[in-house]
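Trainee: Would you be able to build a 3D model of this:
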Amino acid sequence: MADDTNERNSSIPRGFKPEDSSARLDWVKDFTGIEIDDTLTDDPEDLKGIIENHVGFMKVPMAVVGPLLLDGVYAKGEFSVPLCTLEGTLAMSMNRGMLASYLSGGTTVRHFRQELSRAPVFIFDNFDESAKFQSWVEENKGAIMAAAESTTNHGKVLRIDQYTVQNYVVLDIVLDTGNAAGQNMVTLAAKVACELIREKTGHSYFLESNINSDKKPSVRNMLLGRGHAVAAETTIKDSVMKKVLKVDPNTLVEAWPYYPTISSMAGIHGNGIHESNALTAIYLATGQDAACASENSIAHFSIEKLDDALKFKLTLPSLTVGTVGGGTRLKMQKRNLELLGCADGEHSARKLAEIIAGATLALDISLVCAIGSHTFTDAHMKYGRK
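Mentor: As a prediction, the model looks like this:
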């Protein structure tokens with residue numbers, strides 16, 4: 001499928017004429033069996049729980065990129081990935097990274113964690129009260145977890161972590177949220193659990209302490225994540241590096257150490273390239289909470305030199321995504337989940353997370369190679385303008 005690219009960086013037709021868009025729609029239908037129909041609209045009564053004061057719809061341009069070849073626990077095979085973006089060159093760049101990986105055997109992805117939390121805080125007058133409270137919580141953990149789980153048919157409480165600072169005790173109530181992104185799920189679960197605690201102990205609380213840093217990048221989410229955690233890696237042959245990515249692999253790997261060093265100097269969490277670009281584009285296309293790109297863009301990226309190839313590795317510890325609820329109910333977003341094969345299934349959210357990780361790595365590879373080959377500016381000037 002990717003052997004003859006016609007200098008297009010993939011088998012997806014290029015161009016900006018109406019017939020080019022039609023050709024791409026045909027390509028997607030042939031490739032996935034799914035027909036993209038951008039005339040799908042949602043009725044106002046179907047928007048309850050998604051938006052208030054609705055007045056209409058703002059169309060955001062949508063592209064497809066691929067094929068993305070993955071070997072994952074939940075995502076296996078070739079995928080065509082939908083993107084919604086206003087940034088020229090983003091789709092082209094991601095496509096280029098996908099092609100380079102495809103020609104070298106694809107990308108391995110491994111989902112290794114799923115947990116989301118809400119972290120209420122209890123405030124005490126003295127340390128003795130705080131210590132007694134912590135002991136009570138530990139002794140009654142089973143009842144607290146049962147109360148939290150009573151609010152959901154699909155979520156499961158994994159644990160309750162306690163954090164103590166001064167006269168505050170934070171209870172980080174951690175759930176596996178199934179196929180839901182789960183922000184509302186953990187909020188309700190924590191509320192009911194805290195009401196049980198208040199009833200039994202007499203201590204009041206505030207439902208959010210900010211330790212789980214919802215919608216904010218943090219060291220906590222870099223280590224423990226918020227949602228799904230996925231690692232991805234692909235080994236790209238030197239010949240493909242030169243032909244497709246237009247960079248000398250030796251020059252790239254020898255210079256690369258500057259990037260994580262200076263990222264650390266700047267105080268950046270992780271050393272990702274531009275994860276938020278990939279995440280926001282896929283989130284908008286698949287009905288995710290796009291604001292979660294703020295905490296989800298934390299990443300760990302590295303390059304390893306092999307005999308005749310470079311291995312690119314990416315870990316995304318915090319992907320707050322789901323395949324049910326929220327914006328996934330919208331018709332176009334639901335169709336895009338069908339396009340990815342993530343609209344249903346026992347672990348469809350984990351599958352989506354693995355696809356997102358593979359696509360994000362492809363975009364990172366393309367950009368780091370553009371920087372390494374000094375074509376970064378030229379590409380944006382040529383393709384990022386009208």
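
Trainee: Show me where the chain has its strands.
Mentor: Remark: strands assigned in the chain by DSSP state E are 62-71, 76-84, 107-118, 121-123, 156-165, 168-176, 227-237, 300-305, 309-319.

Trainee: Out of the ones you listed, which is closest to Gly49?
Mentor: Nearest to Gly49 among these is strand 107-118; the distance by C-beta to C-beta comes to 18.4 Å. Every C-beta, even on glycine, is put in place using the N, C-alpha and C of the backbone.

Trainee: Show the average pLDDT along that closest one.
Mentor: Regarding strand 107-118, the rounded mean pLDDT is 97.

Trainee: Over to stretch 68-77?
Mentor: The average pLDDT within stretch 68-77 is 98.

Trainee: just stretch 346-355 next, same as before
Mentor: Stretch 346-355 shows a mean pLDDT of 98.

Trainee: Can you list the buried residues in it?
Mentor: Neighbour-count burial for stretch 346-355, with 16 or more other C-beta atoms under 10 Å as criterion, is recorded at 347-355.

Trainee: From the residues you listed, which land in helices?
Mentor: Within those, residues falling in helices by DSSP state H are 348-355.

Trainee: Same list (those residues) but as CSV, adding distance to Asn336.
Mentor: Converted to CSV, these look like this (distance: C-beta to C-beta, whole Å):
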residue, distance to Asn336
Ser348, 13
Ala349, 14
Arg350, 17
Lys351, 14
Leu352, 10
Ala353, 15
Glu354, 16
Ile355, 11
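
Trainee: can you list the strands of the chain in JSON lines and add mean neighbour count and distance to Lys216?
Mentor: Below are the strands of the chain laid out as JSON lines (neighbours: other C-beta atoms under 10 Å; distance: least, C-beta to C-beta, whole Å):
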{"stretch": "strand 62-71", "mean neighbour count": "23", "distance to Lys216": "28"}
{"stretch": "strand 76-84", "mean neighbour count": "21", "distance to Lys216": "23"}
{"stretch": "strand 107-118", "mean neighbour count": "22", "distance to Lys216": "14"}
{"stretch": "strand 121-123", "mean neighbour count": "19", "distance to Lys216": "16"}
{"stretch": "strand 156-165", "mean neighbour count": "15", "distance to Lys216": "17"}
{"stretch": "strand 168-176", "mean neighbour count": "21", "distance to Lys216": "15"}
{"stretch": "strand 227-237", "mean neighbour count": "23", "distance to Lys216": "14"}
{"stretch": "strand 300-305", "mean neighbour count": "16", "distance to Lys216": "18"}
{"stretch": "strand 309-319", "mean neighbour count": "24", "distance to Lys216": "11"}
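
Trainee: can you list those strands in a markdown table and add distance to Phe31?
Mentor: A markdown table is the format used below for the strands of the chain (distance: least, C-beta to C-beta, whole Å):
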| stretch | distance to Phe31 |
| --- | --- |
| strand 62-71 | 7 |
| strand 76-84 | 5 |
| strand 107-118 | 18 |
| strand 121-123 | 50 |
| strand 156-165 | 36 |
| strand 168-176 | 33 |
| strand 227-237 | 21 |
| strand 300-305 | 29 |
| strand 309-319 | 25 |
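
Trainee: Relative to Met185, which of those is closest?
Mentor: With C-beta to C-beta as the measure, strand 168-176 is the member of those nearest Met185 (6.7 Å).
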